[in-house]
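The amino acid sequence is not available; the structure is as follows:
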């Protein structure tokens, strides 16, 4: 498919049990669109890639599979998928199956709203979390600290389901864990961001790739990095050839 309307990018690592059901859900949710889905394998050591290739051979023609030569992190996997994408707009989902592909059309509707003509990022907002109590606590603390320090007006910056303009994303600065700060980074580029309530499902297979250290201490370091980037950005610069 040379000119899809939408590219769905899914970063995955050791999600062999989840990827085929997820790919089929994406295909069902977007059956009325011209779309592609790009699963980016970030150094899996299980059968994730083999399962994806089998699913494509079994009829999921829209499925593309990229593979990192070594594990680089979720943000790097998202960036690889966006660079390879053929559509002007990108939807992302986590590879664990907790994001519901049926919510992607909701994000598309929000983007198409005449009042959102200048929106470049539509964020999912998991109004009902299906995680452990401790993980919900961690997310509340992280979102509260980010909101207080960055003022990005986004209630759930860690939600994996998003919709954004590819060209705007490619202008953002790159760093590890940047996927957690996309609202602040888009706003830094003078882009408008809106949030839409979405479903959230319990993880039924596999194990989480993040622990307390990843979600808290690393996030604090990244937060100060984003503040530094924002202070030093000069928006509105235009160049004219003479």
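That came through, no problem. What you see is a predicted model; the values in this text were computed from it and never measured. Numbering: from 1, shown residues only.

Spatially central, which residue of this protein would that be?
Compute the mean C-alpha point of the chain, and by Cα atoms, centre = their mean the closest residue is residue 92, 3.8 Å away.

Pull out the buried residues from stretch 83-98.
Applying a neighbour-count criterion of 16 or more other Cβ atoms under 10 Å, the buried positions in stretch 83-98 are 85-87, 89-98. C-beta here means a position set from N, CA and C on the backbone, and glycine is covered the same way.

quick one: pLDDT of the residue nearest to the centre of the chain?
Reported pLDDT at residue 92 in the predicted model: 98.

Can you show me the helices along this protein?
Remark: helices of the chain, listed N- to C-terminal, are 19-29, 48-57, 74-84, 104-112, 133-150, 166-170, 182-188, 212-215, 217-231; assignment by DSSP state H.

how many other residues sit next to the closest residue in space to residue 103 that isn't next to it in sequence?
Residue nearest to residue 103 in three dimensions, not counting chain neighbours: residue 198, with 4.2 Å by Cβ to Cβ, 6 or more residues apart in numbering. When counting by other Cβ atoms under 10 Å, one arrives at 23 neighbours for residue 198.

beta partners of residue 198?
Taking DSSP bridges as the rule, residue 198 bridges to residue 126.

Surely it is in contact with residue 162?
No. Taking Cβ atoms under 8 Å as the contact criterion, residue 198 and residue 162 are not neighbours in contact, 9.9 Å apart.

Report the set of residues contacting both of these two.
Counting by Cβ atoms under 8 Å, 6 or more residues apart in numbering, the contacts common to residue 198 and residue 162 are 107, 124.

Confidence-wise, which helix or strand of the chain is lowest on average?
Least confident helix or strand, the chain: helix 212-215 with a mean of 52, by mean pLDDT, DSSP states H and E.

that older thread, would you check which pair of the buried residues of stretch 83-98 lies furthest apart?
Taking Cβ to Cβ as the measure, the buried residues of stretch 83-98 span a maximum distance of 26.6 Å, between 86 and 98.

one step back: least reliable of the helices of the chain going by mean pLDDT?
Sorting the helices of the chain by mean pLDDT places helix 212-215 lowest, at a mean of 52.

picking that back up, and the residue nearest to the centre of the chain, how far from residue 42?
When Cβ to Cβ, to the nearest Å is the yardstick, residue 92 and residue 42 sit 14 Å from each other.

joint contacts of these two?
Here residue 92 and residue 42 share the contacting residues residue 11, scored by Cβ under 8 Å, 6+ apart.

got a pLDDT number for the nearest residue in space to residue 26 that is not next to it in sequence?
Once its chain neighbours are removed from consideration, residue 26 has its nearest residue in residue 101; the separation is 4.5 Å (Cβ to Cβ, 6+ apart). Reading off the confidence values, residue 101 has pLDDT 98.

I figured residue 101 was touching residue 24, is that so?
No. Applying Cβ under 8 Å as the test, residue 101 and residue 24 come out as separate, 9.2 Å apart.

Of the two, give the one with the bigger neighbour count.
For residue 101 versus residue 24, the count of surrounding residues by other Cβ under 10 Å is larger for residue 101: 23 against 16.

give me every residue that touches that one.
By Cβ under 8 Å, 6+ apart, the neighbours of residue 101 are 8, 22, 25, 26, 28, 29, 30, 93.
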